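[1] give me coordinates for this.
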Amino acid sequence: MSTVNKVLMAPDGPEFSQLVQGYWRLGSWDMDKQARLTFLKQHIEMGISTVDHAAIYDAGHCETLFGEALKLDPSIREQIEIVSKFGINGIASSHTEKRVSHYDCSKQGILASTENSLRRLGVEQLDALLVHRPDFLMDADQVAEAFNELKQSGKVKHFGVSNFTSSQFDLLQSRLPAALITNQVEFNPINFDVVADGTLDQLQQYRVRPMAWSCLAGGTIFSAQTPQAKRLRATLSELGEELGADSIDQVIYAWILKHPSNPVALLGTGNTKRVKDAANALTLKMNAEQWYRVWVASKGVNVP
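    Okay, here's the model as predicted:
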């Protein structure tokens, strides 16, 4: 089994594992506290030490479930890097007024969300805190004030963003004394707009690694009957034979990690075998022609 190495996320940033274990589906894994701890220890042994959370995941319940497992063996905290996110407010449960899901990047909203995440996780500090989605009402000065306060209090080590455009990234960065350490973005063979819209170009320019989410497109690549999905399955299977891969999952991870912005890839599975398979994908070496074969299969046309 391949060991997952740590990589520097930004010139002055933290080191994260090249594969990151996502916990957004933790509530559906049907694990008791001990099973959650066992799974955590198993992926740490593989070198996957970075874990990804968000305040919105199952309305905070995923962080609570993780915190319960961590409490069984507090020494594990020193072996992992915890990432969480803030800013998405779901529909309120109140029946007295109609509300819609919305974003909140106000200073007080950020501070309150972070305190709640720390409490649910049962830790005193986050290794990184990300803005989950761009808030169209974001006041960059307020976000900077909140980030500075969280940094000075020792509650958060580093800061980043998620799903930001390059201009939104630059706006927030212009107000911060320290560099943002990542932009967590969707990147998979069905949706890879970030390759062409300047998002990954900017990160490569700044030598900041993206965190790639939904690498397997939520399973769409495996189940959809669209012409695009069928083309992709055929091409990925062909490449799997050429590369000696055990599954097309591994080919997808190799395709994402081939990009010169040097992404780290998020895993969404709670199945230890699938986590091991993803780790083994790091040994696959894809060349440029093979990478573009996936591009052509997805687009249905040749490169210009």
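
[2] which helix or strand in the protein has the lowest average pLDDT?
    strand 88-89 (a mean of 90; mean pLDDT, DSSP states H and E).

[3] direction included, what does whatever helix or strand comes next after that one pair up with?
    Toward the C-terminal end, the helix or strand that comes next after strand 88-89 (DSSP states H and E) is strand 102-103. Strand pairing for strand 102-103, using DSSP bridges, gives strand 88-89 (antiparallel).

[4] centre of the chain to the strand it pairs with, how far?
    Its chain's C-alpha centre and that of strand 88-89 lie 17 Å apart, by Cα atoms, centre = their mean, to the nearest Å.

[5] contacting residues around it?
    54-56, 101-104, 109, 132-133 (Cβ atoms under 8 Å, 6 or more residues apart in numbering). C-beta coordinates here come from the backbone N, C-alpha and C atoms, glycine included.

[6] and the residues you listed, which is the shakiest by pLDDT?
    Scanning these for pLDDT, the low point is S101. It has 86.

[7] surely that one meets I56?
    No - under the criterion of Cβ atoms under 8 Å, S101 makes no contact with I56, lying 9.1 Å away.

[8] need the strands for the stretch 51-200 of the chain, in chain order.
    Assigned by DSSP state E, counting those that start in this stretch, the strands in the stretch 51-200 of the chain fall at 81-86, 88-89, 102-103, 126-131, 156-162, 183-186.

[9] re the thing from before, and the contacts of strand 88-89, which is closest to F192?
    Nearest to F192 out of the contacts of strand 88-89 is R133 (Cβ to Cβ; 18.6 Å).

[10] which residues touch the closest one?
    87-88, 103, 162-163 are the contacts of R133 under Cβ under 8 Å, 6+ apart.

[11] from Q202, how far off is it?
    Separation of R133 from Q202 (Cβ to Cβ, to the nearest Å) stands at 18 Å.

[12] and A279, that one's in a helix?
    Yes - assessed by DSSP: H, G, I helix; E, B strand; the rest coil, A279 belongs to a helix.

[13] hmm, it is touching S17, no?
    No - with contacts counted by Cβ under 8 Å, A279 stays clear of S17, the gap being 9.7 Å.

[14] so what sits against both of the two?
    4, 47-48.
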